[in-house]
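Participant: output the structure for:
(2 chains)
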Protein chains: 2
Amino acid sequence: MPQFAQRIYDMEGSAKIIRALFGMMGDPNIISLGGGAPASEGLPVEEVRQICAEVLTRDKRGVEALQYGSVLGVPDLRQAVADVLLAPKGLKADLDEIIIVNGGLETMNLLCQVYIDPGDVILVESPTFVHCVEIFEMFQAKCVAVQCDDYGMVMEDLEAKIKEYHPKFIYVIPTFQNPTGKTLPAGRRQKVAELGSRYDVIVLEDDPYQELRYSGEALKPIKCYDKTGHTVYANSFSKIFSPGSRLGFCYASKEIVTRLFDAKTATNSHTSNFGQVVCAEYFKRGLFPAHLEKICAIHRERRDVMMAALEKYMPEGTKWVHPDGGLFTWVELPGGIDTGKLLPEANAAGIHYIAGAGFFVEGGGAGSNAMRVSFGNVTPEKIEIAVQRLAELVKSKL
Amino acid sequence: MPQFAQRIYDMEGSAKIIRALFGMMGDPNIISLGGGAPASEGLPVEEVRQICAEVLTRDKRGVEALQYGSVLGVPDLRQAVADVLLAPKGLKADLDEIIIVNGGLETMNLLCQVYIDPGDVILVESPTFVHCVEIFEMFQAKCVAVQCDDYGMVMEDLEAKIKEYHPKFIYVIPTFQNPTGKTLPAGRRQKVAELGSRYDVIVLEDDPYQELRYSGEALKPIKCYDKTGHTVYANSFSKIFSPGSRLGFCYASKEIVTRLFDAKTATNSHTSNFGQVVCAEYFKRGLFPAHLEKICAIHRERRDVMMAALEKYMPEGTKWVHPDGGLFTWVELPGGIDTGKLLPEANAAGIHYIAGAGFFVEGGGAGSNAMRVSFGNVTPEKIEIAVQRLAELVKSKL
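Facilitator: This next block holds a predicted model:
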């Protein structure tokens, strides 16, 4: 058979982690704290069924939903993005600055199509979301980690790395970060935007968890501080509507969106009109605020149960993040326990998590005592059981 | 702003054509023979509404439709592909040889991710589908045209070009080809598969129109003659179910599908479960055969009206293809008329078509007297009017 493209070899490391991540999905014998799914109990099943019944007719939106559509996306969904998701944050977007994509991650892929040549550098958080590292490595980018503290990227190290590596992108998940659950403070947000502008670097702000806040005050996106068009705002409908409809959006300057248009047509023409029409109706009917309140309540309880269980069961010396929102916390074990090596035993005990090392592009054993733990799609009862079993396993190793 | 990636410059030529193609969509003052859409009248609006009403409940498939799913796709949709779309053609596929993608074109993108390095050669038909050329050029492939006659690729030239260029892919649309409507005969299909195997070249068989046959005998796909796993079969649900749901599939060897899995996760994780669940139910309820009969009747009438109108109105010396199916015919004008230069006048007269030159990667004026004309989503009455007006315009230039 013909040889694979070079990118296939360059992405092999992160692809292996992603394969394992998808491979564990749906095993009924395991309580998985591994995935990144929101609560199935919170999905708007009844709302979607009702919308389909009402609008999927020939005289309403049935033909629009099933026929080819526009590359940038269904206009009234883009209008909902502008009015409901961006304007309240102080972001005033024109419709031709918004493109609807096939799930939040597709923005990373398309933006790489537009900007990344092999060998280009992308600065990432330490740790960062391994699924996006897979995307960046498919484009043969070199990912370089920026030092992080309890609040995210350290600005001095970010500026030093910009000067050293002349990166194309700074990739940052500022709110309830994946994998750690940490949130970047306002001052640093402003600074990241300014550094992007000053050094001519694209700031790729990935903000899919932002609406899922359970405590603390909302912060403005980095994009709010962008005065030069260097910040690209990527977001997803997966957490606030439905992951299975694979909808996300990107808000960027017209210059960039014009090129995202080309990359989109050469990837898959446009995002499903079927899903877009239903999602547009969900916003137009004003269903979003009440639904958001409902899913925040579900996830807040799960976070609280997770925090209490960690406090109650985990041995002394264990550290974890108290996230103000999102789906994850980040747990660091004491006693030099390697979470990667522990995982088969955890699986045998009916528990799954994601070992920490895979989230560190710098390697060298970073994160080997850590794990990403999700409380999104696990019931409170199972969260308690899972943490208790995990704690017993950890204690047995000390 | 940072410089774009090199691929953006390499794809600029074909991207311009694609932008124009999408730009003309939906202008109500123009009868467009330009698009590639099937008849809106034939879309299964009522069927989809009924399915949604029945299965989008919590105790049936509502959660599956709205939650994250598997990378390869919803299992019972892959089963429908194997049983309903492949088995009757003599193709015996395992479920892990099938991946559901976001519209038929996404297979070309993902297969390029897996195999194409900059400078790799892809052999294409002359003319070929410009939208796929855009994809290939985004991957910085060099597209080389293989000579075609009234039945498609000429096998002697194909073999000569394989020897000369050592291509990675042979890209071929064997049935009711886009843009010409031509069909590759059985003997050549077998030969293409054999050449792929002998010279270690991937045969990328793009077959989205295959089910839309209005006359003549069905032919086996090239994939049926593949004994070595070199042929990759790409198809779409756009013409047999709905373009707006953005669903397609790829059937290939496990070795290739394993890598398509990685490329898919690094593109957009997976295809919309929402659309997949509804499409799976459409097949499982046995709605496909009657629906196919219905849409073939609609499109057959349109083809016949188009053929009769061309015969009735076009001036002597005009040539066109009589397609046995699909959505297109290919019209060549007499008297050295340049269809690209004629297009603004045609638009002013309320008619749109796609000028022929853009479909020829070899350039040099090839196809400058030709046009791609679609009868898919134009009513018979409008087809007649459009051809009559077009003929008047052409005659005025002779």
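
Participant: anything in stretch A:45-64 near chain B?
Facilitator: Yes. Using C-beta under 8 Å from any C-beta of the partner chain, stretch A:45-64 reaches chain B at A:45-46, A:48-49, A:52-53, A:56-58, A:62-64. From N, CA and C alone the C-beta is placed, and that goes for glycine too.

Participant: please identify the residues of the stretch 251-398 of chain A in proximity to chain B?
Facilitator: So the stretch 251-398 of chain A meets chain B at A:255-256, A:259, A:261-263, A:265-275, A:278, A:377 (C-beta under 8 Å from any C-beta).

Participant: can you tell me the element A:Thr19 falls in?
Facilitator: Heads up, residue A:19 is Arg, not Thr. Following DSSP states H and E, one finds A:Arg19 within helix A:12-23.

Participant: quick one: name whatever helix or strand follows that helix.
Facilitator: Next along the chain after helix A:12-23, taking DSSP H and E as the criterion, comes strand A:31-32.

Participant: quick one: name whatever helix or strand follows that following strand.
Facilitator: Per DSSP H and E, the helix or strand that comes after strand A:31-32 is helix A:45-55.

Participant: what's downstream of that following helix, the next helix or strand?
Facilitator: With DSSP H and E setting the assignment, the helix or strand that follows helix A:45-55 is helix A:62-66.

Participant: may I see the buried residues of that following helix?
Facilitator: Neighbour counts using 16 or more other C-beta atoms under 10 Å in any protein chain shown place A:62-66 of helix A:62-66 among the buried residues.

Participant: about what we covered before: quick one: buried ones out of the residues of the stretch 251-398 of chain A next to chain B?
Facilitator: A:256, A:259, A:261-263, A:265-275, A:278, A:377.

Participant: keep only those of these that are in helices.
Facilitator: A:256, A:259, A:261-263, A:265, A:273-275, A:278 (DSSP state H).

Participant: one step back: any chance of the buried residues of helix A:62-66 in TSV, plus pLDDT?
Facilitator: Output for those, formatted as TSV (pLDDT from 0 to 100):
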residue	pLDDT
A:Gly62	98
A:Val63	98
A:Glu64	97
A:Ala65	98
A:Leu66	98
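
Participant: how near is A:Thr231 to chain B?
Facilitator: 12 Å (C-beta to the nearest C-beta, to the nearest Å).

Participant: in the helix or strand of chain A with the lowest mean pLDDT, what counts as buried?
Facilitator: The least trusted helix or strand in chain A, going by mean pLDDT, DSSP states H and E, turns out to be helix A:12-23, with a mean of 89. For helix A:12-23, a neighbour-count test (16+ other C-beta under 10 Å) marks A:14-15, A:17-18, A:21-22 as buried.

Participant: now swap in stretch A:30-42 and tell me
Facilitator: For stretch A:30-42, by 16+ other C-beta under 10 Å, it's A:30-40, A:42.

Participant: show me what it is in contact with.
Facilitator: Applying C-beta atoms under 8 Å, 6 or more residues apart in numbering or on different chains, the external contacts of stretch A:30-42 come out as A:21, A:24-25, A:178, A:212, A:238-239, A:243, A:294-295, A:298-299, A:302, A:327-328, A:347, A:350-354, A:372-379, A:382-383, A:385-386, B:63, B:67-68.

Participant: for the residue of the stretch 251-398 of chain A found nearest chain B, what are its contacts?
Facilitator: Chain B sits closest to A:Asn273 of the stretch 251-398 of chain A, with a gap of 3.6 Å, by C-beta to the nearest C-beta. By C-beta under 8 Å, 6+ apart, A:Asn273 lies in contact with A:64-69, A:74, B:244-246.

Participant: kindly report the same for A:Val121.
Facilitator: A:141-144, A:165-168.

Participant: which regions of chain A sit below the pLDDT cut-off?
Facilitator: A:24-26 (pLDDT under 70).

Participant: report the central residue of it.
Facilitator: A:Pro208 (5.1 Å; C-alpha atoms, centre = their mean).

Participant: could you give the secondary structure assignment for it?
Facilitator: Under the three-state scheme (DSSP: H, G, I helix; E, B strand; the rest coil), A:Pro208 adopts coil.

Participant: hmm, it is touching A:Tyr233, no?
Facilitator: No. Using C-beta atoms under 8 Å, A:Pro208 is not in contact with A:Tyr233; the gap is 11.0 Å.

Participant: about what we covered before: just the buried residues of the contacts of stretch A:30-42.
Facilitator: A:21, A:24-25, A:178, A:212, A:238-239, A:243, A:295, A:298-299, A:302, A:327-328, A:347, A:351-354, A:372-379, A:382-383, A:385-386, B:63, B:67-68.

Participant: out of these, list just those in helices.
Facilitator: Among the buried ones among the contacts of stretch A:30-42, the members falling in helices (DSSP H) are A:21, A:295, A:298-299, A:302, A:347, A:382-383, A:385-386, B:63.

Participant: how is chain A divided into domains?
Facilitator: A:6-43+A:290-397, A:45-284 (automatic domain parsing).

Participant: the closest residue to A:Gln147 other than its chain neighbours: how many residues sit nearby?
Facilitator: Nearest non-adjacent residue to A:Gln147, counting by C-beta to C-beta, 6 or more residues apart in numbering or on different chains: A:Asp157, 4.0 Å away. Number of residues near A:Asp157 (other C-beta atoms under 10 Å in any protein chain shown) recorded here: 16.

Participant: how close does A:Asp157 sit to chain B?
Facilitator: From A:Asp157 to chain B the distance is 21 Å (C-beta to the nearest C-beta).

Participant: next one: the helix or strand harbouring that residue to chain centre, how far?
Facilitator: Element membership for A:Asp157, per DSSP H and E: helix A:155-165. Between the centre of helix A:155-165 and the centre of its chain there are 24 Å (C-alpha atoms, centre = their mean, to the nearest Å).
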